[in-house]
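**Q** coords please:
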Amino acid sequence: MVDRLWRQRDVRTSTSRPFVAVVVLLIIASASACGGDGNRGDAGGRGERFQPLAVGAPAPAYAVRTLDGDTIRVGGGPGAGSDGVPTLLNIWATWCGPCKREFPELERIHRAHSAAGLRIVAVSIDLGDDAPVASFVREHGATFAIGRDVTGTVQERFQSIGVPESYLIAADGTLLWRHVGELPAHDAGLLAALARAGL
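**A** Modelled structure (predicted):
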């Protein structure tokens, strides 16, 4: 009986070793594919090094077309062609659950701070035409500006790693605050940055 149990254990161990080896190799390959060497695998194929934006540095110059047909410009520092308006830039998509959940908070911030001069522009990275995005915006009652970027330029310029992400940009183009993930209600960091911006 004991011999038989030892032989069964040996068979199970010998058959599970190749499985474990394959799993380990897949993990290593996945880590390498996700940029383990520090290069960002961007759509442009340039292999530029990923460097997160630093709070206090100039935000990248960026222009986006809105659903209303206007163009909004942010960042780039003084004289770079930005609109010179303090802006909360949000990167989102209609298929993103956390994006859907944070839209009411973005609307609350818009209503609380727009009279003081804050502009919110939520840039959708959805592919395709504007209709599904416009429908989403109507459904969620958003009254702030909605940008459309089907090329992913906003993600490249702001070194975005996903959606949602938010960036508070001062009137002079300085990045005052950034947040990765769903924006929590009454975020203390954002409120402090808004106060520093005089909003």
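**Q** Quick check, pLDDT for residue 12.
**A** At residue 12, the model reports a pLDDT of 50.
**Q** What is the burial count for residue 82?
**A** 24 (other CB atoms under 10 Å). Every residue, glycine included, has its C-beta placed from N, CA and C.
**Q** Is it in contact with residue 76, as I believe?
**A** Yes - if you go by CB atoms under 8 Å, residue 82 and residue 76 touch, sitting 5.4 Å apart.
**Q** all strands of the protein, in order?
**A** Along the chain, counting by DSSP state E, strands occupy 62-66, 71-74, 87-92, 119-124, 145-148, 165-169, 175-180.
**Q** Ok, which of those comes nearest residue 157?
**A** Nearest to residue 157, of all those, is strand 62-66, at 5.0 Å by CB to CB.
**Q** Could I get the buried residue list for that closest one?
**A** 62, 63, 64, 66 (16 or more other CB atoms under 10 Å).
**Q** With stretch 161-173 instead?
**A** Buried, per 16+ other CB under 10 Å, within stretch 161-173: 163, 164, 165, 166, 167, 168, 169, 170, 171, 172, 173.
**Q** what do you get for stretch 144-158?
**A** Going by 16+ other CB under 10 Å, stretch 144-158 has these buried residues: 144, 145, 146, 147, 148, 149, 153, 154, 155, 156, 157, 158.
**Q** Could you report the pLDDT at the closest residue to the first one other than its chain neighbours?
**A** This points to residue 144. Distances taken as CB to CB, 6 or more residues apart in numbering place residue 120 nearest to residue 144, at 3.8 Å, with adjacent residues excluded. As predicted, residue 120 sits at a pLDDT of 97.
**Q** Next one: residue 120 relative to residue 179, how far apart?
**A** 13 Å (CB to CB, to the nearest Å).
**Q** Show me which of these two is the more surrounded one.
**A** Higher neighbour count among residue 120 and residue 179: residue 120, with 22 against 19, using other CB under 10 Å.
**Q** just checking, the more buried one touches residue 112?
**A** No - Residue 120 lies out of contact with residue 112 (CB under 8 Å); the separation is 10.7 Å.
**Q** Pick out the most distant pair among the buried residues of strand 62-66.
**A** Maximum pairwise distance among the buried residues of strand 62-66 (CB to CB): 13.0 Å, between 62 and 66.
**Q** I appreciate the help and will end here.
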